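Engineer: need a structure here:
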Amino acid sequence: MQERSKHFSEEPDVKYSVNLKEKAMAPLTSRRDFIINSGKAGLGIYAGSTLLSSCSSTKKLVTGNSNTGFQQTPLPYSYNALNDAIDGTTMEIHYSKHAASYATNLQNAAKNENVDMNKPLEDVLGKISKYSTTLRNNGGGHYNHELFWKSMSPKSDQKPTGKLATAIDSGFGSFDTFKTQFSDAGKNRFGSGWAWLFVDGDKKLRIGSTPNQDNPLMDVAEIKGFPLLGLDVWEHAYYLRYQNKRPDYIANWWKVVNWDFIGTRYQSVI
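Structural biologist: Numbers count the residues shown, from 1 in each chain. As a prediction, the model looks like this:
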């Protein structure tokens with residue numbers, strides 16, 4: 001239940017359409033309905049400053065050649081296309097409510113802080129310590145989700161190929177070992193956050209995790225590098241189907257990873 005209470009403290013701007021007195025008296029079985037309703041109400045996200053790391057700092061930040069804008073891009077598949085891992089209702093709420101609010105809040109914060117939205121969002125994240133908490137929370141949330149959607153596909157090959165496959169075998173011993181370590185990063189992330197496969201300053205593959213909506217591009221993150229693959233382990237990403245069973249969500253999520261996209265992304269930085 002800790003993650004549930006954490007969401008209440010991390011999302012102070014949510015304006016629920018629920019009478020709080022009545023909610024306090026509602027049975028615990030209404031939690032699923034509450035999550036759906038809260039998603040529909042729109043979200044404002046808070047990210048804390050506590051950081052955990054699974055690797056050492058890097059010599060130089062790898063930035064790659066991909067640029068992320070400040071606008072939400074269309075979902076590259078239908079809401080129910082990833083049903084092997086994520087149900088359509090969760091995808092719709094996640095994309096159209098949670099992620100959409102990150103994009104809107106980011107644009108508002110960028111205007112307030114005179115950020116040039118014609119430049120890549122990566123430029124802002126790399127010096128995020130100079131900006132407000134609001135920009136950090138929503139900039140990270142928008143970037144992370146834009147990568148998340150593209151990192152999945154209904155036509156997954158199940159395993160990487162080419163240079164990425166070779167690098168995974170070299171760096172972790174085998175693909176299965178990599179999957180175990182990455183899955184553990186997601187399972188062991190306390191509360192809300194992300195698990196990452198990223199390229200560090202030495203162009204080595206690393207696995208790590210960040211809290212809330214932080215990511216390895218941020219100058220405040222303890223793990224630094226170019227994100228190749230990110231797994232959302234916020235409760236709203238999986239609760240409707242999996243409830244509190246995050247490991248089951250992660251196990252099924254591997255079925256929809258878009259290894260072709262991740263492989264292309266890797267080749268852009270090596």
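
Engineer: what residues does stretch 150-158 touch?
Structural biologist: Contacts with stretch 150-158, where a contact means C-beta atoms under 8 Å, 6 or more residues apart in numbering, come from 76-77, 81-82, 84-85, 229-230, 253-262. Every residue, glycine included, has its C-beta placed from N, CA and C.

Engineer: Take the residues you listed and keep only those in strands.
Structural biologist: 229-230 (DSSP state E).

Engineer: just the buried members of the contacts of stretch 150-158?
Structural biologist: Using 16 or more other C-beta atoms under 10 Å as the burial test, the contacts of stretch 150-158 include 77, 81-82, 85, 229-230, 253, 256-262 as buried.

Engineer: Would you mind giving both backbone torsions of residue 101?
Structural biologist: phi -70, psi -30 (degrees, to the nearest 10).

Engineer: Next, work out how far apart it and residue 190 are.
Structural biologist: 24 Å (C-beta to C-beta, to the nearest Å).

Engineer: same thing with residue 175?
Structural biologist: Distance from residue 175 to residue 190, counting by C-beta to C-beta: 27 Å.

Engineer: swap in residue 155?
Structural biologist: 34 Å.

Engineer: Those two: who's more crowded?
Structural biologist: Ranked by neighbour count (other C-beta atoms under 10 Å), residue 155 and residue 190 place residue 190 first, with 12 against 9.

Engineer: follow-up on the earlier one: columns pLDDT and distance to residue 180 on top of the buried ones among the contacts of stretch 150-158, output as CSV?
Structural biologist: Output for the buried ones among the contacts of stretch 150-158, formatted as CSV (pLDDT from 0 to 100; distance: C-beta to C-beta, whole Å):
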residue, pLDDT, distance to residue 180
77, 98, 28
81, 98, 27
82, 98, 22
85, 97, 18
229, 98, 15
230, 98, 18
253, 98, 14
256, 97, 18
257, 97, 15
258, 97, 20
259, 97, 17
260, 96, 23
261, 97, 22
262, 97, 18
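
Engineer: and those, which of them are in helices?
Structural biologist: 253, 259-262 (DSSP state H).

Engineer: mind checking pLDDT for residue 136?
Structural biologist: Note on residue 136: pLDDT of 98.

Engineer: ok, it touching residue 221?
Structural biologist: No: the criterion here is C-beta atoms under 8 Å, and residue 136 misses it with residue 221 at 10.4 Å.

Engineer: list residues touching both of the two?
Structural biologist: residue 214.

Engineer: so what's residue 143 up against?
Structural biologist: 68, 121-122, 125, 215, 217.

Engineer: Now those in TSV, please, with extra columns for pLDDT and distance to residue 204.
Structural biologist: Output for the contacts of residue 143, formatted as TSV (pLDDT from 0 to 100; distance: C-beta to C-beta, whole Å):
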residue	pLDDT	distance to residue 204
68	97	23
121	98	25
122	97	20
125	98	21
215	98	18
217	98	17
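
Engineer: that older thread, let me know the closest of the ones in helices among the buried ones among the contacts of stretch 150-158 to residue 205.
Structural biologist: When those are ranked by distance to residue 205 (C-beta to C-beta), residue 262 comes first, at 11.0 Å.
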